[in-house]
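S.K.: next comes the sequence, and after it the predicted model I'd like to discuss.
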Amino acid sequence: MTTSELLTLERTEVAFGGVRAVDGVDLTIGAGEIVSVIGPNGAGKTSLFNSVTGFYRPTGGRIRIAGHDVTGARPSAIAALGVCRTFQNLRLFPGLPVLDNVRAGLHLRGGQHVFDALLRTPRYRRSEREITDEAHRWLDFVGLPENVPGAVDRAGPVGQLPYGAQRLVEIARALAMRPKLLLLDEPAAGLNAAEKAALTDLVHRIHGLGVSVVLIEHDMRLVRAVSKRVVVLNFGKKIADGTPDRVWNDPAVVDAYLGADPDYESADAPSGEPEPEPEREESHV
Ligand SMILES: Nc1ncnc2c1ncn2[C@@H]1O[C@H](COP(=O)(O)OP(=O)(O)OP(=O)(O)O)[C@@H](O)[C@H]1O
């Protein structure tokens, strides 16, 4: 391992019965990178994220975070090592205030003592104030207005915010955990053009904080705008890994998208907008 390796997958496999959702993937993500993971629907992109973040237990291979073997570790242990994520289908607490959803990320970071909390000591109250202030700062950072026009403010239930604003809250919660590596699962899905432009800027600003980013994305304009490196999956296997131009012109990638999408016309645009994906229960297996 070199010192700059944040994430290393060695022959990682995730199988569900006869389906190899992730099939022997080798992948290294270094500090300071922004990498996009693309591939046709069902290629194994989310299963890859789920195996890295402990939501799926790999059925083969090894996963290391900054040199620590985390194969089969729980999501909390992986987050503690600095790998945090957002989800394709938002995983906020819809009935809880916007602010509390981000505060949850800060509490997960830990540092508070149970007796202080039970006795509500001055130290506990000070720490709670600091957590609230920091949650506001992360919401400011991701660009969520104090009052979203026509919706609730930060004291209102997050489930009543427009979809694009909820996506920002999820990113704020992940950032509040101070990741070294942030995994974004289809962050542009369901966003309008202006929101996608703001997201492009946000990914660059997150990177500017020193956070490495891996994103699963179908929106090729966003992929091009943020990442110098693109990894392509198809049927669970990594079929290409390189610059966007190299990957777009790789015959294996062209074939994968031709096979998946009858409307495919150009190697410059491997796919259009994704269909909203149906709800699926993802569990720690
Ligand atoms: N919990 C599960 N149980 C059974 N099969 C699963 C499960 N999760 C994923 N799969 C299967 O694994 C394969 C890869 O799915 P995955 O969701 O990882 O693909 P994806 O590339 O993220 O697709 P999309 O772009 O549509 O989100 C698919 O065949 C899918 O049906």
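M.R.: Thanks, I have it.
S.K.: residues in this structure within reach of the ligand, list them.
M.R.: 16, 19, 21, 39, 41-47, 277 (C-beta under 6 Å from any ligand atom). For glycine as for every other residue, the C-beta is placed from the backbone atoms N, C-alpha and C.
S.K.: wait, which of those residues is closest to Pro94?
M.R.: Proximity of the residues of the chain next to the ligand to Pro94 (C-beta to C-beta) peaks at Glu277, which lies at 18.4 Å.
S.K.: need the pLDDT of that closest one.
M.R.: Note for Glu277: predicted pLDDT of 40.
S.K.: how about stretch 76-95: buried residues?
M.R.: The neighbour-count check on stretch 76-95 (16 or more other C-beta atoms under 10 Å) flags 78-88, 92 as buried.
S.K.: where is pLDDT lowest across these?
M.R.: Out of those, that is Gln88, at 88.
S.K.: who's the nearest residue to it once chain neighbours are set aside bridged to?
M.R.: Leaving out its chain neighbours, the residue that sits closest to Gln88 by C-beta to C-beta, 6 or more residues apart in numbering is Asp185, at 4.4 Å. With DSSP bridges as the criterion, Asp185 is bridged to Ile216.
S.K.: count the neighbours of Tyr163 for me.
M.R.: Neighbour count for Tyr163, taken as other C-beta atoms under 10 Å: 12.
S.K.: again with Asp69
M.R.: 12.
S.K.: what comes into contact with the helix or strand containing Val214?
M.R.: Per DSSP states H and E, Val214 falls inside strand 212-216. Contact partners of strand 212-216, identified using C-beta atoms under 8 Å, 6 or more residues apart in numbering, comprise 6-7, 29-38, 45-46, 49, 88, 180-187, 203, 206-207, 223, 226-227.
S.K.: let me see the contact set for the closest residue to the ligand within the stretch 51-200 of the chain.
M.R.: Using C-beta to the nearest ligand atom, the single residue of the stretch 51-200 of the chain nearest to the ligand is Gln88, 6.0 Å away. Residues near Gln88 by C-beta under 8 Å, 6+ apart: 46, 185-186, 189, 216, 277.
S.K.: hmm, try it at 7 Å
M.R.: 46, 185-186, 189, 277 (C-beta atoms under 7 Å, 6 or more residues apart in numbering).
S.K.: so what's Tyr95 up against?
M.R.: No Tyr there; residue 95 is Gly. For Gly95, the residues meeting the contact criterion (C-beta under 7 Å, 6+ apart) are 157, 159.
S.K.: quick check: it is in a helix.
M.R.: No - Gly95: not assigned to a helix; according to DSSP: H, G, I helix; E, B strand; the rest coil it is coil.
S.K.: centre-most residue in this protein?
M.R.: Leu184 (2.0 Å; C-alpha atoms, centre = their mean).
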